[in-house]
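Have a look at this fold, sequence not included:
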């Protein structure tokens, strides 16, 4: 053990030294000998997890201030190409210095002490940053307090580095909306191939995590908004069981679906961050029933043998035979699961529920959106529209900025509802949509006595503009509508250089197990590679 620890320490020292992290903190940012170099930063972030960084800071090999300054320099260098970060926190370096002082006084607050984190721009912070959900209408909004999850992150020592770009209003704006675009942040680019979609709506969070613009980022999902961009950028994205992470202080689409979660380069970092964020919030009634979905110590999840003896169902229908690179990566995944000791069960195809739930889902979500957004806008201080009707009027007055080539038809459809969550018709729609989605997964798990289901997450990212429809059956519609957990982990790459993700999904409150399976798969494959910022697919 001592020899292994020394070896690990030497590896950390070598990585940090190669990334220029050991240079004096007082060196001037303009001095080329003291600035982070992009390639070096990518190397260190691919090699070191949050626990590695903590050991380096505990051993005085690294400080939070140096790490934070390095990320800020990296944002300056790469963000003009990516549009992944909307703003950096003007207090980030001061927060990092405070963290270093606490560490020197042996008063570290938790497992994220000194770790820089980016938040999706729809997550409230009561500081000098804005929370706009990508809309210029909310530039003057002033949240009175941090979102519940932000308080959890700060209490664990995290340095809030800034806010990540997103699809405006989390992709619930217009039916012709382009994923990854917002009026505030512009068009997010995929760091692997810059003219390919980063998917949405947590596009900035995923692109920033992939490019090493923060140690870890936070996204939110209503339907595919964490899972899809994570798969498109070769990152780990976790959409939890509804309520594992509080939605308090998050600009809503619907509290029946909305789920914050981590996006990271490794399962270790995602699991650690999720364990910090999770917890019961008295203001969010969905959190208490699933308060025990994750163990107190995230390290118990990280077992390389967690797949051994597990029954993993294979979902092929609607995903196979569409893209040969996806087929190749997925077939390799199935063989790898067998080699890791899993019992692979063929035929565990989750039904395509879009046709079943759509007649109920859209009416339910439109009603919920009006109810939940009106509540958020009315409760948030600042000189911004206080309800959906006023927001629509604002967008019309500022159409050149807010509606460049598309309509706000989803907002307008929602505004035509009464927003009444007690209406019997609405309640019937919601019950049918949620019930059918849950049945689509539960029935397969029960029939084949499964511990989880594995499938390809999506096709390789299409072009940003003119991508068109996809024949690939959604891997997220059932889990998002059911409120069930879903994790994507890097699986490999297409010959074009585009990432391909692998998904593990399950029934309610199986979050801990899914993290374990993803970790075992990740450690056996090490499929992720750093992005190369290709201008177009090769």
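It's in. Because the structure is predicted, anything quoted here is derived from the model rather than measured.

Going by C-alpha atoms from here, please, whenever you check contacts or count neighbours.
Noted.

end-to-end on stretch 256-274?
20 Å (CA to CA, to the nearest Å).

what helix or strand does residue 286 sit in?
Under the criterion DSSP states H and E, no helix or strand holds residue 286.

measure the closest residue to it other than its chain neighbours to residue 279 for me?
Closest residue in space to residue 286, ignoring its immediate chain neighbours: residue 243 at 4.6 Å, by CA to CA, 6 or more residues apart in numbering. The spacing between residue 243 and residue 279, counted by CA to CA, is 9 Å.

now swap in residue 260 and tell me
Note on residue 260: its distance to residue 279, by CA to CA, is 12 Å.

Give the buried residues for the helix or strand harbouring residue 333.
In this assignment (DSSP H and E), residue 333 forms part of helix 324-339. Residues 325-327, 329-331, 333-334, 337-338 are the ones in helix 324-339 that count as buried (16 or more other CA atoms under 10 Å).

Could you export these to JSON lines, including columns for pLDDT and distance to residue 159?
As requested, the buried residues of helix 324-339 are exported to JSON lines (pLDDT from 0 to 100; distance: CA to CA, whole Å):
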{"residue": "325", "pLDDT": "98", "distance to residue 159": "39"}
{"residue": "326", "pLDDT": "98", "distance to residue 159": "37"}
{"residue": "327", "pLDDT": "98", "distance to residue 159": "40"}
{"residue": "329", "pLDDT": "98", "distance to residue 159": "37"}
{"residue": "330", "pLDDT": "98", "distance to residue 159": "37"}
{"residue": "331", "pLDDT": "98", "distance to residue 159": "40"}
{"residue": "333", "pLDDT": "98", "distance to residue 159": "36"}
{"residue": "334", "pLDDT": "98", "distance to residue 159": "39"}
{"residue": "337", "pLDDT": "98", "distance to residue 159": "37"}
{"residue": "338", "pLDDT": "98", "distance to residue 159": "41"}
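
a markdown table for those residues, including distance to residue 70?
Below are those laid out as a markdown table (distance: CA to CA, whole Å):
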| residue | distance to residue 70 |
| --- | --- |
| 325 | 36 |
| 326 | 36 |
| 327 | 39 |
| 329 | 35 |
| 330 | 36 |
| 331 | 39 |
| 333 | 36 |
| 334 | 39 |
| 337 | 38 |
| 338 | 41 |
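
wait, which of the residues you listed is closest to residue 304?
For the buried residues of helix 324-339, the closest approach to residue 304 (CA to CA) belongs to residue 337, at 11.8 Å.

list the contacts for the closest one?
Residues in contact with residue 337, defined by CA atoms under 8 Å, 6 or more residues apart in numbering, are 307, 343-344, 521.

now those residues as CSV including neighbour count?
Converted to CSV, these look like this (neighbours: other CA atoms under 10 Å):
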residue, neighbour count
307, 26
343, 18
344, 20
521, 25
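
closest to residue 494 among the residues you listed?
residue 521 (18.8 Å).

what about the closest one, helix or strand, and which?
helix 511-525.

Okay, buried residues for that helix please.
Quick answer for helix 511-525 (16+ other CA under 10 Å): 511-522.

and residue 453, that's in a strand?
Yes. Counting by DSSP: H, G, I helix; E, B strand; the rest coil, residue 453 is found in a strand.

Run through the residues that contact it.
By CA under 8 Å, 6+ apart, the contact list for residue 453 reads 312-315, 348, 445, 504-506.

now the residues you listed in a markdown table, with neighbour count and pLDDT?
Compiled in a markdown table, the contacts of residue 453 are given as follows (neighbours: other CA atoms under 10 Å; pLDDT from 0 to 100):
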| residue | neighbour count | pLDDT |
| --- | --- | --- |
| 312 | 28 | 99 |
| 313 | 28 | 99 |
| 314 | 22 | 98 |
| 315 | 22 | 98 |
| 348 | 24 | 98 |
| 445 | 22 | 98 |
| 504 | 26 | 98 |
| 505 | 29 | 98 |
| 506 | 24 | 98 |
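
where along the stretch 51-200 of the chain do the strands fall?
Using DSSP state E, counting those that start in this stretch, the strands found in the stretch 51-200 of the chain span residues 85-88, 116-120, 159-164, 181-182, 186-187.

Throw those strands into CSV and include mean neighbour count, thanks.
Listed next are the strands of the stretch 51-200 of the chain as CSV, based on neighbours: other CA under 10 Å:
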stretch, mean neighbour count
strand 85-88, 22
strand 116-120, 28
strand 159-164, 28
strand 181-182, 28
strand 186-187, 21
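
just so I know, which of these lies nearest residue 405?
strand 181-182 (12.0 Å).

about what we covered before: the more surrounded of residue 260 and residue 279?
Taking other CA atoms under 10 Å, residue 260 and residue 279 do not tie; residue 260 has more neighbours (31 against 22).
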